[in-house]
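*Asks:* I would like to see how this sequence folds:
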Amino acid sequence: SDRPLNQLLYTVAGCAGARLRVNPTSIEVFSDLGGGASVEELEEQATIAYLRALQANPTHPQGARAELVLGGIQEKHGNLRAAVGHYELVSRNYPESDLVPESLWRAGSLLVRLSDWTGGATVFTRLANLEQDHVYPARARQELARCLAESGDARQALLLLDALDNLFPTTDSNELQARLFVRALALHGMGRHGDA
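*Replies:* Reported below is the predicted structural model:
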């Protein structure tokens, strides 16, 4: 494999204050970014560094954090599908990581923003059923109910909301308002417009 040679070249170039682009037929050398680099240039270099690290060490425990950061960079630039891909890789490639709940929450939230209700429902189902403790058990079920209501399964959404209210009762006004909104969506979807 040529991976060790590439790693050696990147290390030597980095020590000399340079950057490399290695192609099958050439090696391009660039000056280091320095203190005047733009945010975009720095993010591009961070992305390249994380991708190289993931390629060189695909099973390293810090790979989960790298995927989360890469997802954040893609999200910031409006590449929401790419961000979802990175977030979903955390749970797929690092299932024991404590970052799995956060990555699933971010993936599901982006799928909701994209109006991908089926994809959102799948991700929020995985989050709601995680065996590890996390801060999203109630919110994951609420968003799952929302995805179900939006995708046309209003009856199942109402059943889930009833279970949510029983399992995770709340007095928080913001959370109550969010649940009522989802309930209204579900009732509307069942044709119960007056109740909605």
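*Asks:* what are the contacting residues of stretch 109-119?
*Replies:* Outside of stretch 109-119, the residues within contact range by Cβ atoms under 8 Å, 6 or more residues apart in numbering are 75, 80-81, 83-84, 87, 120, 123, 143, 146-148, 150-151. From N, CA and C alone the C-beta is placed, and that goes for glycine too.
*Asks:* then stretch 85-94 to PDB, C-alphas only?
*Replies:* In PDB, the C-alpha atoms belonging to stretch 85-94 read as follows (Å, rounded to 0.1, in the frame of the first residue of the first chain):
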ATOM      1  CA  GLY A  85     -24.000  11.500   5.900                       C
ATOM      2  CA  HIS A  86     -21.200  12.400   8.300                       C
ATOM      3  CA  TYR A  87     -23.600  12.400  11.300                       C
ATOM      4  CA  GLU A  88     -25.000   9.000  10.400                       C
ATOM      5  CA  LEU A  89     -21.400   7.600  10.000                       C
ATOM      6  CA  VAL A  90     -20.900   8.200  13.700                       C
ATOM      7  CA  SER A  91     -23.600   5.600  14.700                       C
ATOM      8  CA  ARG A  92     -22.700   3.200  11.900                       C
ATOM      9  CA  ASN A  93     -18.900   3.200  12.400                       C
ATOM     10  CA  TYR A  94     -18.600   4.000  16.100                       C
END
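*Asks:* pLDDT of it, averaged?
*Replies:* Averaging pLDDT along stretch 85-94 yields 93.
*Asks:* any idea how far it is from the chain center?
*Replies:* Averaged C-alpha coordinates place stretch 85-94 at 8 Å from its chain's average position (Cα atoms, centre = their mean, to the nearest Å).
*Asks:* what residues of that stretch count as buried?
*Replies:* Going by neighbour count (16 or more other Cβ atoms under 10 Å), the buried part of stretch 85-94 is 85-91, 94.
*Asks:* is it true that residue 160 touches residue 149?
*Replies:* No. Taking contacts as Cβ atoms under 8 Å, residue 160 lies outside contact range of residue 149: 9.3 Å.
*Asks:* which residues do the two both contact?
*Replies:* Counting by Cβ under 8 Å, 6+ apart, residue 160 and residue 149 have no shared contacts at all.
*Asks:* so the two - more neighbours on which side?
*Replies:* Neighbour tally, residue 160 and residue 149, criterion other Cβ atoms under 10 Å: the higher count belongs to residue 149, 27 against 21.
*Asks:* now do the helices in this structure.
*Replies:* Secondary structure of the chain, counting by DSSP state H: helices at 3-15, 39-56, 63-76, 80-93, 100-113, 117-128, 137-150, 154-167, 173-189.
*Asks:* quick one, the shortest one and helix 80-93 angle?
*Replies:* Translated: helix 117-128. In terms of direction (axes from the mean of the first three to the mean of the last three Cα atoms, to 10 degrees), helix 117-128 departs from helix 80-93 by 30 degrees.
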